[in-house]
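Participant: Next come a sequence and a model predicted from it.
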Amino acid sequence: MSATTAVEMPEIGATGLTPKEVVQRIESGQSNAVKTSTSRSVQDIVRANVFTLFNGIIFAAMVLVLITGSWRDAVFGFVIIINTGIGIVTELRAKRTLDKLSILVASEFLVRRDGKDVEVSHNEIVLDDLLWIRAGEQVPADGQIIQTWGLELDESMLTGESRTVRHKVGEQVYSGATAVSGMALVKVNAVGSHSYAATLTAQAKVYKKTVSDLNKGINTILKFMTFLVVPLCILLILSQVHTVGGWGTALSTGEWRQAVVSAVAGVVGMIPEGLVLLTSLNFAVAAMRLARHNTLVQELESVETLARVDALNLDKTGTITDGGIAFNRLVMLDSANAAAEQAATQALYDCCNEEQPNGTGQAVLAGLKAQG
């Protein structure tokens, strides 16, 4: 905790929690700290990209070739590394971005404890804290208003409604909203993962398996090829061994190695390696292009799903805008002269230039400042 803030706060009767009560709540896990993790771990990402049917077929063929000692002929196994690496790297980058995702902005907040107003970090706010919400600040935890001095909140990030809301004593405020004007004293009744903002963030991080028609088609081909390739590979090996004079001769002369390599070469040529690799590369390139437009791709296959979208419907303008207003210009009557316009501009400035102006006042002050 730091020293008390320099801003003079209104006098109220409530004293807030004592240091002992704060420690008890922190020890019992009733603080505003939230574990930032996605529903998909690194192990899940690696497992999903490594243990695939395509990798299994190529790996089995590579092992057969390596058993013969012919390392050069096993170069085709690098396709596994390339194909797997593309998926793992792309999805790990998406996981890292999701782990950083948070509706709440880490900052210092003013709370009343033991009769004094002190500043604490976002994670140090505890249940039942008396929290000051001031203009320009984001609500860090859910709470009920104890006292208010014209508190007006922008809740567009939570509800999608761009219009600001004025709250009264006894009403509930939710984390993630931003105070546009006024101030209020709030008693915190939900912190950490139980707060509204944390719930929204957790929903955004939920992983959903994407069904790709393109990958389903490739896997169908691979399944068919598996039933065809295994007996065909055995037949090719037997044919090669029979050509050199049987198993006895093949084992004694080492011709069995060449028989296995030739059989695997014939079988691997039937597997659409290029199609699988090209599909992964195209997905990866698309994911990188989408990332440049601030679009997060959790899974490579979701690119195909996006390509099939014809129309995207969005409700509530506040969801995709900042919900604010801007001062454009001051329009005078036709008969007004330059002196009258200057006087009107000065009057408008004086009207809005207060300690904690509302959204309209802030827009007017910002617009007049931009105009000099």
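Facilitator: On my side now, so go ahead. Here the structure is a predicted model, which is why all the values come from computation and not from measurement.
Participant: quick one: low-confidence ranges for the chain?
Facilitator: Counting by pLDDT under 70, the chain has low-confidence residues at 1-14, 35-39, 100-106, 204-208, 244, 314-324, 335-336, 356.
Participant: relative to its centroid, which residue of it is most remote?
Facilitator: Computed with C-alpha atoms, centre = their mean, the residue of the chain farthest from its C-alpha average is Gly245, at 63.4 Å.
Participant: now the helices for this protein?
Facilitator: 19-27, 42-50, 53-67, 78-100, 156-159, 196-205, 213-243, 247-253, 255-268, 273-292, 302-307, 338-352, 359-370 (DSSP state H).
Participant: And for the first one, what's in contact with it?
Facilitator: For helix 19-27, the external contacting residues (C-beta atoms under 8 Å, 6 or more residues apart in numbering) are 17, 31, 113-114, 124, 126-129. Every C-beta, even on glycine, is put in place using the N, C-alpha and C of the backbone.
Participant: Would you confirm that Ala135 contacts Thr178?
Facilitator: No: applying C-beta atoms under 8 Å, one finds Ala135 not in contact with Thr178, separated by 9.3 Å.
Participant: quick one on the thing from earlier: among the contacts of helix 19-27, who's most crowded?
Facilitator: Counting neighbours by other C-beta atoms under 10 Å, Asp129 comes out on top of the contacts of helix 19-27 with 28 neighbours.
Participant: and of the helices of the chain, who's closest to Glu119?
Facilitator: helix 19-27 (14.0 Å; C-beta to C-beta).
Participant: Give the buried residues for the closest one.
Facilitator: Using 16 or more other C-beta atoms under 10 Å as the test for burial, helix 19-27 gives 21-22, 25-26.
Participant: and of those residues, the nearest to Arg329?
Facilitator: When the buried residues of helix 19-27 are compared against Arg329 (criterion: C-beta to C-beta), the nearest one is Val22, at 51.0 Å.
Participant: Distance check, the closest one against Ile125.
Facilitator: Distance, Val22 to Ile125, by C-beta to C-beta, to the nearest Å: 10 Å.
Participant: ditto for Arg112
Facilitator: Counting by C-beta to C-beta, the separation of Arg112 from Ile125 is 12 Å.
Participant: Show me which of the two is the more surrounded one.
Facilitator: Set Arg112 next to Ile125 and count neighbours by other C-beta under 10 Å: Ile125 wins out with 25 against 21.
Participant: Can you pull the domain assignment for the protein?
Facilitator: 19-35+103-205, 42-100+214-307, 325-372 (automatic domain parsing).
Participant: Which of those has the highest mean neighbour count?
Facilitator: Of all these, domain 19-35+103-205 has the most neighbours on average by mean count of other C-beta atoms under 10 Å, namely a mean of 18.
Participant: How far off centre is that domain?
Facilitator: 22 Å (C-alpha atoms, centre = their mean, to the nearest Å).
Participant: same thing with stretch 215-227?
Facilitator: Here the centre of stretch 215-227 is set off from its chain's centre by 33 Å, with C-alpha atoms, centre = their mean.
Participant: Pull the residues that contact that stretch.
Facilitator: Applying C-beta under 8 Å, 6+ apart, the set of residues contacting stretch 215-227 is 53-54, 57, 270-272, 275-276, 279, 301, 304.
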